[in-house]
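Trainee: Fold the following and give me the result.
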Amino acid sequence: MSTEKYLSDNELVQRFIGGDQYSLEILIHRHKSRVFSYILLIVKKQELAEDIFQETFIKVIRSLKKGKYIENGKFVSWVLRISHNLIIDHFRKEKLKGTVSNDSLEVDIFNSQRFSEDTIEDQMVTSQILSEVKDLINELPEDQQQVIIMRHYLDLSFKEIAEQTGVSINTALGRMRYALINLRKLVEKKNLILTKF
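Mentor: Sure, this is the predicted structure:
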């Protein structure tokens with residue numbers, strides 16, 4: 001069994017820069033789920049997410065070969081930042097063309113196995129709650145949607161969120177605060193009960 005998979009991201013990066021192609025495969029495999037989920041949550045189209053995911057790793061490879069990666073222990077944050085910039089570029093181009101679309105997600109990432117409970121009834125209630133929460137999040141301003149997705153669904157720290165969205169930590173925290181205030185208002189306005197008991 002190969003010991004390479006037990007190496008840190010930065011050790012694998014150094015091996016790839018040194019000519020070991022397999023190290024990059026391990027890095028992509030290690031982080032593909034998190035990077036792809038992030039892209040899909042924002043672009044909301046499976047095919048487009050796949051294209052941007054591929055573009056992201058093409059850019060990662062080129063940047064590594066040109067020595068543009070600074071070893072700081074945050075390889076995945078750097079990759080997510082690249083994908084974020086590619087998403088922004090995509091939407092800028094679409095806006096110029098006038099073809100931005102808000103299609104619903106083809107894959108329901110919010111309906112994850114980790115939210116499931118033991119009984120069918122619990123699963124149905126959980127699924128309904130998640131669906132209602134997803135609908136509520138979609139009613140928030142885009143910057144507030146983004147911070148909730150990044151924090152609660154991708155488990156990013158506020159420092160990582162700030163880095164990837166190009167704002168200060170205080171701005172990221174402020175967006176989260178307003179997002180939660182707005183969600184509470186929406187829950188009260190719609191008279192929703194978002195608990196199982």
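Trainee: in terms of contact, does residue 26 touch residue 4 like I think?
Mentor: Yes: counting by Cβ atoms under 8 Å, residue 26 touches residue 4, with 5.7 Å between them. Just so you know, the C-beta spots here come from the backbone N, C-alpha and C atoms, and that holds for glycine as well.
Trainee: Those two: which is more packed in?
Mentor: residue 26 (19 against 15; other Cβ atoms under 10 Å).
Trainee: and the more buried one, what does it touch?
Mentor: 4, 5, 7, 12 (Cβ atoms under 8 Å, 6 or more residues apart in numbering).
Trainee: now those in a markdown table, with secondary structure?
Mentor: Shown next, in a markdown table, are the contacts of residue 26 (DSSP: H, G, I helix; E, B strand; the rest coil):
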| residue | secondary structure |
| --- | --- |
| 4 | helix |
| 5 | helix |
| 7 | coil |
| 12 | helix |
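Trainee: Show the subsequent helix or strand relative to the worst-scoring helix or strand of the chain on mean pLDDT.
Mentor: Least confident element among the helices and strands of the chain, by mean pLDDT, DSSP states H and E: helix 120-138 (a mean of 70). Sequence-wise, the next helix or strand downstream of helix 120-138 (DSSP states H and E) is helix 142-148.
Trainee: Can you give the domain ranges for this protein?
Mentor: According to automatic domain parsing, the chain comprises the domains 4-97, 113-190.
Trainee: worst average pLDDT in these?
Mentor: Ranked on mean pLDDT, the bottom entry among the domains of the chain is domain 113-190, at a mean of 78.
Trainee: Could I get the full set of helices for this protein?
Mentor: 9-17, 21-43, 46-65, 75-97, 120-138, 142-148, 158-165, 169-190 (DSSP state H).
Trainee: Work out which residue lies at the spatial centre of this structure.
Mentor: residue 38 (2.0 Å; Cα atoms, centre = their mean).
Trainee: give me the number of residues near residue 175?
Mentor: By the criterion of other Cβ under 10 Å, residue 175 has 25 neighbours.
Trainee: what sits against it?
Mentor: Contact analysis of residue 175 by Cβ under 8 Å, 6+ apart lists 143, 144, 146, 147, 167.
Trainee: Name only those of the residues you listed that count as buried.
Mentor: When the contacts of residue 175 are checked for burial by 16 or more other Cβ atoms under 10 Å, the buried set is 144, 146, 147, 167.
Trainee: measure residue 163 to residue 52 for me?
Mentor: 19 Å (Cβ to Cβ, to the nearest Å).
Trainee: and these two? which has more neighbours close in?
Mentor: residue 52 (24 against 19).
Trainee: Among the contacts of residue 175, which one lies nearest to residue 33?
Mentor: Ranked by distance to residue 33 (Cβ to Cβ), the contacts of residue 175 are led by residue 146 at 19.1 Å.
Trainee: close enough to count as contact, the closest one and residue 164?
Mentor: No: counting by Cβ under 8 Å, residue 164 is not a contact partner of residue 146; they are 9.2 Å apart.
Trainee: How many neighbouring residues does residue 40 have?
Mentor: 20.
Trainee: Good, we can wrap up now.
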